[in-house]
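**Q** What follows is a predicted structure for the sequence shown.
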Amino acid sequence: MAEPDDEKREPAEPKPCMPCSGSGKVTSNAGGDPHEVDCPWCEGGGLTIPDHDAQAARRD
Ligand SMILES: [Zn+2]
């Protein structure tokens, strides 16, 4: 039987992603034409991903 109290070691709950306001989409002006793209911070999920490096996706 799982004791709920034993699962309290991870207090980190998913928080709504700030840059996209939890929508999972951000407006990019890349190319001079505003368009919606998947948020690089939450990868389109709308929730903050702990320790996620948004810059990594842009790296070639
Ligand atoms: Zn986001």
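**A** Thanks, I have the structure now. Numbers count the residues shown, from 1 in each chain.
**Q** Centroid-nearest residue for the chain?
**A** Geometric centre of the chain, nearest residue: Cys42, 1.7 Å, by C-alpha atoms, centre = their mean.
**Q** Now it: closest residue in space that isn't a chain neighbour?
**A** Computed as C-beta to C-beta, 6 or more residues apart in numbering, the closest residue to Cys42 that is not its neighbour in sequence is Cys17, at 3.9 Å. C-beta coordinates here come from the backbone N, C-alpha and C atoms, glycine included.
**Q** neighbours of the one you found, just the number please.
**A** Other residues within reach of Cys17 by the criterion other C-beta atoms under 10 Å amount to 24.
**Q** Would you mind measuring from it to the ion?
**A** For Cys17, the distance to the ion (C-beta to the ion, to the nearest Å) stands at 3 Å.
**Q** Wait, that residue touches Cys39, no?
**A** Yes - judged on C-beta atoms under 8 Å, Cys17 makes contact with Cys39 at a distance of 5.9 Å.
**Q** who touches both of these two?
**A** Both Cys17 and Cys39 are contacted by 24, 46, under the criterion C-beta atoms under 8 Å, 6 or more residues apart in numbering.
**Q** about what we covered before: for Gly32, see how far away the residue nearest to Cys42 is.
**A** 25 Å (C-beta to C-beta, to the nearest Å).
**Q** Do a quick rundown of the strands in this structure.
**A** With strands called from DSSP state E, the chain shows them at 25-28, 35-38.
**Q** Next, the buried residues of the first one.
**A** If I follow you right, that is strand 25-28. Neighbour counts using 16 or more other C-beta atoms under 10 Å place 25-26 of strand 25-28 among the buried residues.
**Q** Also stretch 41-60?
**A** Neighbour-count burial for stretch 41-60, with 16+ other C-beta under 10 Å as criterion, is recorded at 41-42, 46-48.
**Q** Which residues outside stretch 34-43 are in contact with it?
**A** Contacts made with stretch 34-43 from outside it, assessed by C-beta under 8 Å, 6+ apart, are listed as 17-20, 23-28, 30, 44, 46, 48-49, 52, 54, 57-58.
**Q** Was I right to think Ser23 contacts Gly46?
**A** Yes - with the criterion set as C-beta under 8 Å, Ser23 and Gly46 qualify as a contacting pair; they are 5.9 Å apart.
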